[in-house]
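Enquirer: Any chance you could fold what I've pasted below:
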Amino acid sequence: MWLFQTNQLSLQFDYNTIYTINSTIKMKHTRVKDLLNSTKTLQEVNAKGWVRTFRNNQFVALNDGSTINNIQCVVDFENTPEETLKRITTGAAISVTGNLVESKGAGQKFEIQVIKLEILGDSDAEKFPMQPKKHSLEFLRENAHLRVRTNAFGAIMRIRSVLSYAVHSYFQQKGFVYVNTPIITGSDAEGAGEMFKVTALPFDNTPRTEDGKVNYKEDFFGKETNLTVSGQLEGETFAMALGQIYTFGPTFRAENSNTSRHLAEFWMIEPEVAFNDLNDNMDLAEDFIQYVIKYTIDKCPEDLKFLEGRLLEEEKSKPQTERSEMALLDKLNFVLENNFKRVSYTEAIDILRDCTPNKKKKFNYIINEWGADLQSEHERYLVEKHFKCPVILFDYPANIKAFYMRLNEDGKTVRAMDILFPGIGEIVGGSQREERFDVLVEKMKALGIDEEELWWYLDTRRFGSAVHSGFGLGFERLVLFVTGMTNIRDVIPFPRTPMNAEF
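Expert: Sure thing, here's the model as predicted:
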């Protein structure tokens with residue numbers, strides 16, 4: 001007999017009572033994924049999750065988000081209160097305790113014979129949007145807070161998570177230092193001007209200068225600031241001290257675009273490496289992409305298989321001319337099994353100018369001369385039709401690329417590179433950076449970029465400058481490719497787009 005005493009209460013327990021209390025407290029639920037992967041039957045397991053379906057007042061399809069697959073829970077409806085049975089509705093959160101036994105039905109090895117069922121959270125079956133039927137992607141975007149309960153979005157978000165881990169795994173294994181570059185910045189890395197302003201100034205009675213402009217000297221930071229479009233410039237400063245670094249964080253662009261490829265808020269992966277030239281940069285990008293894709297194929301076979309089947313069903317409803325030539329896993333293996341073809345921009349222009357779609361004016365943007373900014377249709381033609389492998393284009397015209405890219409000896413091209421993939425076009429953009437102080441200053445002057453605003457960036461060229469390179473990979477673009485989805489709004493938890501900041 002044990003005695004438990006406080007100032008207010010004295011209680012006595014025997015050992016059996018204590019054992020019962022501890023057993024109740026310590027019993028933890030097991031993930032559905034682990035139950036389905038069990039190698040043997042088990043006594044007294046507990047599973048918690050959300051009801052996908054409830055059939056014949058007996059069979060619950062339970063999912064807890066750990067896997068694409070549900071586990072069937074067989075309810076003893078004769079000994080379960082009718083009131084409880086009525087509360088087992090689609091979307092309800094429940095806890096089931098019972099024995100894991102071999103399933104009598106087809107499709108899964110095990111099921112749970114329920115001994116005890118508890119309703120953790122009711123769901124209004126009539127109002128719950130995620131009913132067990134096919135929903136349009138637009139409808140699901142309008143219910144982004146609940147869409148992850150569907151098979152498709154559960155699979156997409158698990159894959160996104162694994163890809164994110166693979167990014168860090170790759171760079172950490174290679175000895176890169178992870179750097180958190182600022183989200184609030186006074187610089188525009190891309191020079192495009194499409195940035196969200198950050199201010200603490202009042203909109204009413206905004207302080208003005210004598211010439212009527214906003215007086216940012218009275219703002220929180222004492223200068224004009226924005227949400228970052230890239231961590232590259234700050235990343236370069238760390239690469240010139242730590243050798244090889246990478247950033248992986250949120251970036252923002254105030255581009256008023258409603259296309260299936262644009263977001264106002266997205267995540268960027270940006271490695272920067274001292275002493276790497278453009279060829280080293282291409283090697284790194286190719287190796288990195290193949291690693292993260294291979295890692296995801298190995299870790300997410302069921303989710304990828306499900307998404308592949310979903311996409312094959314969608315393809316059937318499309319005209320023959322619009323159907324993809326490769327299934328999802330074939331497309332991923334296409335990237336793994338082929339060396340990336342390296343082609344100069346000039347060679348690519350010659351190929352595109354002479355190709356049949358261009359001559360027959362089937363391209364939306366006809367290629368007539370050197371200097372054209374390539375569109376997705378051109379990039380996909382090079383990958384899918386001409387070379388039939390991933391392509392790295394390099395040495396682009398200087399006037400269509402950013403100021404920080406190294407100028408070639410011809411004076412008209414820069415050491416830029418883009419990686420092109422099937423079905424998506426450009427997925428990576430990078431370059432060897434301009435390490436020469438005088439050349440960089442001249443380029444900034446020509447583009448009207450204020451030297452005083454980037455004095456710290458120029459310092460890296462003043463003090464121990466060296467050849468260095470890096471690239472940027474939009475994480476959502478990578479998730480889009482790996483999942484086979486066609487709209488970038490479907491691969492980020494809560495998409496931010498023009499006129500949409502819901503949730």
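
Enquirer: what about this structure, any weak spots by pLDDT?
Expert: 1-27, 189-193, 321-322 (pLDDT under 70).

Enquirer: care to break it down by domain?
Expert: The record assigns the chain these domain ranges, following automatic domain parsing: 26-121, 149-194+229-490.

Enquirer: Contacts for stretch 361-368 next, please.
Expert: 349, 352-353, 356-358, 372, 375, 377-378, 381 (CB atoms under 8 Å, 6 or more residues apart in numbering). For glycine as for every other residue, the C-beta is placed from the backbone atoms N, C-alpha and C.

Enquirer: With respect to Tyr178, which of these is nearest?
Expert: Gln375 (34.3 Å; CB to CB).

Enquirer: Now distance to Val75 too, for the contacts of stretch 361-368, in CSV please.
Expert: Output for the contacts of stretch 361-368, formatted as CSV (distance: CB to CB, whole Å):
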residue, distance to Val75
Ile349, 66
Leu352, 63
Arg353, 68
Thr356, 63
Pro357, 59
Asn358, 64
Ala372, 65
Gln375, 56
Glu377, 55
His378, 58
Tyr381, 56
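
Enquirer: so of the residues you listed, which ones are in helices?
Expert: 349, 352-353, 356-358, 377-378 (DSSP state H).

Enquirer: Max pairwise distance over the residues you listed: which two?
Expert: Ile349 and Thr356 (15.8 Å).

Enquirer: you'd agree Glu453 is up against Ser187?
Expert: Yes: Glu453 lies in contact with Ser187 (CB atoms under 8 Å); the separation is 6.3 Å.

Enquirer: Neighbour count for those two, which is higher?
Expert: Ser187 (22 against 14; other CB atoms under 10 Å).

Enquirer: Please report the distance of the more buried one from Gly231.
Expert: With the distance defined as CB to CB, to the nearest Å, Ser187 ends up 11 Å from Gly231.

Enquirer: ok, now Pro390?
Expert: Relative to Gly231, and taking CB to CB, Pro390 is found at 25 Å.

Enquirer: Neighbour count for the two, which is higher?
Expert: Shown here are Pro390 and Gly231; by other CB under 10 Å, Gly231 has more neighbours (28 against 23).

Enquirer: before we move on, back to that, more neighbours, Ile349 and Thr356?
Expert: Neighbours per residue (other CB under 10 Å) separate Ile349 from Thr356, with Ile349 holding more: 20 against 9.

Enquirer: which residues does Phe403 contact?
Expert: Counting by CB under 8 Å, 6+ apart, Phe403 has contacts 191, 434, 440, 443-444, 447, 449.

Enquirer: now those as a markdown table including neighbour count?
Expert: Formatted as a markdown table, the contacts of Phe403 follow (neighbours: other CB atoms under 10 Å):
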| residue | neighbour count |
| --- | --- |
| Gly191 | 14 |
| Glu434 | 23 |
| Leu440 | 24 |
| Lys443 | 20 |
| Met444 | 20 |
| Leu447 | 11 |
| Ile449 | 18 |
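
Enquirer: and which of these is nearest to Leu227?
Expert: Out of the contacts of Phe403, the member with the shortest distance to Leu227 (by CB to CB) is Gly191, at 15.8 Å.

Enquirer: State the phi and psi torsions of the residue lying closest to Phe252 once chain neighbours are set aside.
Expert: Excluding the flanking residues, the one nearest Phe252 by CB to CB, 6 or more residues apart in numbering is Leu227, at 3.9 Å. Dihedral angles phi and psi of Leu227 (degrees, to the nearest 10) take the values phi -80, psi 140.

Enquirer: Just the CA trace of stretch 440-457, in PDB.
Expert: Extracted in PDB, the C-alpha atoms of stretch 440-457 (Å, rounded to 0.1, in the frame of the first residue of the first chain):
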ATOM      1  CA  LEU A 440      31.200  45.100 -61.600                       C
ATOM      2  CA  VAL A 441      31.200  48.900 -61.000                       C
ATOM      3  CA  GLU A 442      30.900  49.600 -64.700                       C
ATOM      4  CA  LYS A 443      28.000  47.200 -65.000                       C
ATOM      5  CA  MET A 444      26.200  48.800 -62.100                       C
ATOM      6  CA  LYS A 445      26.700  52.300 -63.500                       C
ATOM      7  CA  ALA A 446      25.300  51.200 -66.900                       C
ATOM      8  CA  LEU A 447      22.200  49.800 -65.200                       C
ATOM      9  CA  GLY A 448      21.700  52.700 -62.800                       C
ATOM     10  CA  ILE A 449      22.400  50.700 -59.700                       C
ATOM     11  CA  ASP A 450      23.500  52.900 -56.800                       C
ATOM     12  CA  GLU A 451      27.000  52.000 -55.600                       C
ATOM     13  CA  GLU A 452      26.400  53.500 -52.200                       C
ATOM     14  CA  GLU A 453      23.500  51.100 -51.600                       C
ATOM     15  CA  LEU A 454      25.700  48.100 -52.300                       C
ATOM     16  CA  TRP A 455      28.900  49.400 -50.800                       C
ATOM     17  CA  TRP A 456      29.200  46.200 -48.600                       C
ATOM     18  CA  TYR A 457      28.700  44.000 -51.700                       C
END
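
Enquirer: And Phe238, how far from Tyr381?
Expert: From Phe238 to Tyr381 the distance is 38 Å (CB to CB).

Enquirer: the more surrounded of the two?
Expert: Using other CB under 10 Å as the criterion, Phe238 and Tyr381 rank with Tyr381 on top: 25 against 20.

Enquirer: and that one, what is it in contact with?
Expert: So Tyr381 contacts 352, 355, 357, 363 (CB under 8 Å, 6+ apart).

Enquirer: My guess is the second one contacts His386. True?
Expert: Okay, so that is Cys355. Yes: using CB under 8 Å, Cys355 is in contact with His386, at 7.1 Å.

Enquirer: Lovely, talk soon.
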